[in-house]
Every structure is written in C-alpha cells, then in structure tokens.
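Student: quick check, what structure comes out for this input:
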Amino acid sequence: MLVYVGTYTGPKSRGIYLFRLEPDDRPASQNINLTPLGLAAETPSPSFFDIDLAQRRLFAVNELQQVEGKAGGTVTAFSIDRNTGMLNVINHQPSMGAGPCHIVADRDYRHVVVSNYGSGSVAVLPVGADGSLAAATDVVQHTGSSVNAERQKGPHAHCAAFDRANRFVFVCDLGLDRILAYRFDAARGTLTAHTPAYASLKPGAGPRHMAFRPDGRFAYAVNELNSTITVFSYDPGAGVLKEIQTVSTLPEHFDTPNFPAEIDLHPSGKWLYASNRGHNSVVLFASDARTGRLTWIEEQGTGGSRPRHFGIDRAGQYLAVGNQDSDTVLVCRVDAGNGRLKPSGTLASVPAPACVKFLPPVP
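Tutor: Coordinates of the predicted model:
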C-alpha cells in the first residue's frame, strides 16, 4: 500500500512525498514501516488533496496567498503512475480565492469543491475525462464575522463535504461559526444557497472540518477554537442538519491551548477519530449505531508535535497521522474489535506534513 504526504513547502520541503507501507507480520509484532520512495511531485504547499482511487488521479490545493503578484492560490491535477506511484502534472487552475486549504470531489469525480480559507470563498471546478481541471463554474463568497476578535474578523471557509446522495454540499466556515448548506447541481457544477442556509455553532466554536457517517444519517464537525465536536442528525431528503450533541475533544485534566484539526470515521461507521494540536493526540469515540451520539473511549499520543491531518485506509486497518511541527508521520494499526489505535514503533521523517492519505494496490 502507498501513502502520500502533502506538506507546507519551504527550506525543508518541496511538495508531495511518497511512502510504501510495510507491516511486520511476525506474531505479536506491531511494527509498521513507512519506506520512503522519494518526492512524488514538486508543487508549492500541497496542504490538502483528494484521490480518485479508480482512475488513479490526485487533486491538490496549493495553499498560497498570491500567485504571480495576484491574490489567490491554485489547484493542481495529477495522474498517478500505476507502476511507481509517482505523480505527473495534468494541469493547474486558479482556486478563485486566497489560501485554499481543502479540496473534495463529488461522488462521481466530475467536480471538485475548493475551500479558500484566506478569502472565505468556495469554488467548483469541473473534472474532464482526462482528469484535467477546467475553470471554475461557480464561486460563492461568504460574508460576516463572529466573536473571536483574532480569528473571526471575517469568513474563513475551511472544508466542504458532500452528502451521501451527492445532492448537498456543506461548508464549515471557521470565521462565521456556521456550516453553510448548498444545493449541488451536478450537471452545471453550481452551488445554490439552501433553506435553511446554515447550521449555527456555538459562538467562538470555529468549525473546521466535518465528516458524514458512512450510512449518511449523521454528521460530525470538529471545532478548532473551543476543542469540541458537534454531532448532527441528518435528513437526506430535506438536506437539513440538526444538532444533537456536543462533546470535548480533550480529557478533563488538560487545560492548555489546543486546536483540533482533523475528524473522520472508521469505514465501519462504529468509531470516530479526531486530532488535537496541543494535546498532541488522536482521540477515539464510539458512534452509537441508532442515535449517532458519541461516547469517549481513549486518547492516543502521536509521538510528535501538532498532529494536523490523519488518513484511514479503505479497509480500516491503519491510521497515519502527520506531526506538522516535528516533521514526522506515525502509523497505527486499528483494532478490528474496538477501534483502538496500536502505534507502530517507527516515526517516518517528513518535512512539515499537512495531509496524509492511502492508496491501495492496483487490483
């Protein structure tokens, strides 16, 4: 299995790095090695990407504030070499906003939605049959602010998520304390404000990322500014989120600054994970099959500083987390019975890791 790691480029990093995951299958051994295969692609600050597993394509944001003197970042489409895993550039497009920090494809990989944190905007870009990105077919600019004078002076779109039916797109805006709802037109590649137009979070929460449970009945948002997770029930017919629970991402004894980053569910839908920058952990919750409510299970240290993003492989056997400030990636086995993480004994060296995702072997 291959692992891609996106980074913030600078003196130490040049783009997206490639590793091969090699578990030690000896009895009782938990060791997992990430063997470095080199620089998969040289590209500026690919801080987040999405992968089309079927077509072997990767779509990455380039988290820039300016390009050639003009405000805004870019998005790059790559093809994945089926033999080596190396990335080949297909083309680039403007992200239609500053500081693009998240990208997600629709169900059929015919469009990608880019969240521009710096400018607080969201753009839709079509994907061609050859994997190339076309110019944006829609751009939505958020407006407003919230209570945190330092972080919420204006909008900051941080993540977009499609519902299971591919009918609605929900955008976490950290600056507004809202998850904005849009109807998605897959034929035209457009977003139209839904009614209700948003779900509100507690003032100062700062919604960052969200994930739908695989069954599509519940959604979970991690809030960066107050270290919480908000649980929503979801009505797929009406496209409406309804808050049902909020829980802390931290154990009771921890009271120093902390900023959660990533949230995702195990493919089984039984367990939810979230990363804590400050507490330097990945925390585990059980998701109730009937109610969607969360129950704390455990915390697991990441062996490094500021764990930003983590990825879970499609089979739910491994979780890999990038420690941005300590330049390392830790891989854990996932216990199939209870979802608990079993860290490997090895930290892979990666400069400023920001996004970690798995690519399963070619069938």
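
Student: which stretches of the stretch 1-150 of the chain have low pLDDT?
Tutor: Scanning the stretch 1-150 of the chain for pLDDT under 70 picks out 26-30.

Student: again, only using 80
Tutor: Regions of the stretch 1-150 of the chain meeting the criterion pLDDT under 80 cover residues 24-30, 68, 70.

Student: and Lys357, what is it in contact with?
Tutor: Val3, Tyr4, Phe49, Ile51, Gly311 (CB atoms under 8 Å, 6 or more residues apart in numbering). (C-beta placed from N, C-alpha, C; glycine too.)

Student: farthest-apart pair in the residues you listed, please.
Tutor: Within the contacts of Lys357, Val3 and Phe49 form the most distant pair, 12.4 Å apart (CB to CB).

Student: give me the most central residue, the chain.
Tutor: Centroid-nearest residue in the chain, with CA atoms, centre = their mean: Glu262, separated by 6.1 Å.

Student: so what's the closest residue to Gly206 other than its chain neighbours up against?
Tutor: With sequence-adjacent residues excluded and distances taken as CB to CB, 6 or more residues apart in numbering, Gly206 is closest to Leu225, at 3.1 Å. Residues near Leu225 by CB under 8 Å, 6+ apart: Asn148, Arg151, Gln152, Leu174, Gly204, Ala205, Gly206, Phe259.

Student: rerun at 10 Å
Tutor: 146-148, 150-152, 174, 177, 201-208, 259-260 (CB atoms under 10 Å, 6 or more residues apart in numbering).

Student: any idea which element the residue nearest to the centre of the chain lies in?
Tutor: Glu262 belongs to strand 259-265 when assigned by DSSP states H and E.

Student: next, the angle from the very next helix or strand once past that strand to strand 259-265.
Tutor: Per DSSP H and E, the first helix or strand lying C-terminal to strand 259-265 is strand 271-277. Relative orientation of strand 271-277 versus strand 259-265 (axes from the mean of the first three to the mean of the last three CA atoms, to 10 degrees): 160 degrees.

Student: so what strands line up beside strand 271-277?
Tutor: Partners of strand 271-277 in the sheet, by DSSP bridges, are strand 259-265 (antiparallel), strand 281-287 (antiparallel).
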